[in-house]
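Asker: return atomic coordinates for the entry below.
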Amino acid sequence: LAVESGTCLAIVGPNGSGKTMLARVLAGTCRPSGGYVVIGRRPPDHDRAAAHVSRTLQRTIAAPTLPTATLVRAAAEPTRATGWLQALTATPLARSEQRDVERRVSSTLAWCGIPSVADRPIGTLDATEQRLTQLASALVSGPSVMILDEPTSGLDVDGTHRVTERINALHSTGITVIVIEHDLAVVRSVADQYAVLLDGQIRARGDSDTIDNDAVVRAFSGGPVSW
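Answerer: Numbers count the residues shown, from 1 in each chain. Below you'll find the predicted structure:
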C-alpha cells in the first residue's frame, strides 16, 4: 500500500476487514508481523516512521473532565527537546519551549475552528467540537502523515461539513491524510483515492470519482463481493 505525499487516501471496507488494525500499524501502536512502514525517503525503520505519524480514534471522550487545551497540550509535549527535569526546574530552554507549546495549542484550536472551547471540559463539548478537538490533538505535533479513524462518525450534516472542510484544508497544506470512513459521501468529498480492504488485504484501489461502483458499495455494506 503506497500513498503519495500530500494526498488523501480513504480506506474503506466492512467491519472486521482490518481497517483499524492497519491504522494502528501505520501509527506505530502495533508492530507488524511482517513488512515495514516507510515515510518519504527514510529507511524502513518502524519506530522512526511512527514518530512522523499521528492518529485520531473512533471514540471521542477519553477524559470528560479534562480541559480541552490540556488534552491538546499533552499531544504537543512529545515534540519538546527538554526532559521533565529541565521543565521542572524551568530552565530558559524549557520556558521557551513551553511558550512555543502554548502558542501551538492556541493556534491549532483556532485553525480547527474551536478557539472558544480551550478552557471547557471535554465532556461539555458537542459531538462536532469533540471531533475537531481530536483533529487538533493529532495536528499540534506537526506530523507529516495523519490517520483519521471515522472522523465524522456520529455527526449531523453541519458537523460533517465542518470536519470534512478541515480535512480538505489539511492535505492542501501538504500533509498526507489517510481516512478510514464508512460514509461514501465523505470519501468522495475528501479523498483523492480510495482502497478497499477485505480480510486484511487490499482488494481494489481507484480514484474517488469511481467509488460508486457496485463492488465497493457492497464492500461497505458487508455483503458478498466478487472480485
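Asker: in a helix, residue 14, correct?
Answerer: No - counting by DSSP: H, G, I helix; E, B strand; the rest coil, residue 14 is not part of a helix but coil.
Asker: name the residues of stretch 34-44 that are buried.
Answerer: 37, 39 (16 or more other CB atoms under 10 Å). For the C-beta atoms, the positions are set from N, CA and C on the backbone; glycine is no exception.
Asker: for stretch 121-129, same thing?
Answerer: 121-122, 125, 127-129.
Asker: which among those residues gets closest to residue 74?
Answerer: Closest approach between the buried residues of stretch 121-129 and residue 74, by CB to CB: residue 122, at 11.8 Å.
Asker: which parts of the protein are strands?
Answerer: Taking DSSP state E, the strands of the chain run over residues 8-12, 53-56, 145-149, 176-180, 193-198, 201-207.
Asker: need those strands in TSV with distance to residue 73, mean pLDDT and mean neighbour count, can you?
Answerer: As requested, the strands of the chain are exported to TSV (distance: least, CB to CB, whole Å; pLDDT from 0 to 100; neighbours: other CB atoms under 10 Å):
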stretch	distance to residue 73	mean pLDDT	mean neighbour count
strand 8-12	27	92	25
strand 53-56	15	90	23
strand 145-149	18	94	24
strand 176-180	23	94	24
strand 193-198	34	87	21
strand 201-207	37	84	14
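Asker: which two among the buried residues of stretch 121-129 are spaced furthest apart?
Answerer: Greatest spacing in these, by CB to CB: 121 and 128 (16.3 Å).
Asker: would you turn the strands of the chain into TSV with distance to residue 112?
Answerer: Listed next are the strands of the chain as TSV, based on distance: least, CB to CB, whole Å:
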stretch	distance to residue 112
strand 8-12	17
strand 53-56	12
strand 145-149	12
strand 176-180	14
strand 193-198	25
strand 201-207	28
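Asker: so which of these comes closest to residue 133?
Answerer: Using CB to CB, the strands of the chain put strand 53-56 closest to residue 133, at 9.6 Å.
Asker: quick check: which helices or strands does that closest one pack against?
Answerer: Contact partners of strand 53-56 among helices and strands, from 3 or more CB pairs under 8 Å, 6 or more residues apart in numbering; DSSP states H and E: helix 19-27, helix 127-139, strand 145-149.
Asker: any idea how far the shortest one is from the middle of the chain?
Answerer: Meaning strand 145-149. In terms of CA atoms, centre = their mean, to the nearest Å, the centre of strand 145-149 is set 3 Å apart from its chain centre.
Asker: residue ranges for the helices of this structure, please.
Answerer: For the chain, the helices defined by DSSP state H occupy 19-27, 46-50, 68-76, 84-88, 92-111, 127-139, 157-172, 184-190, 214-221.
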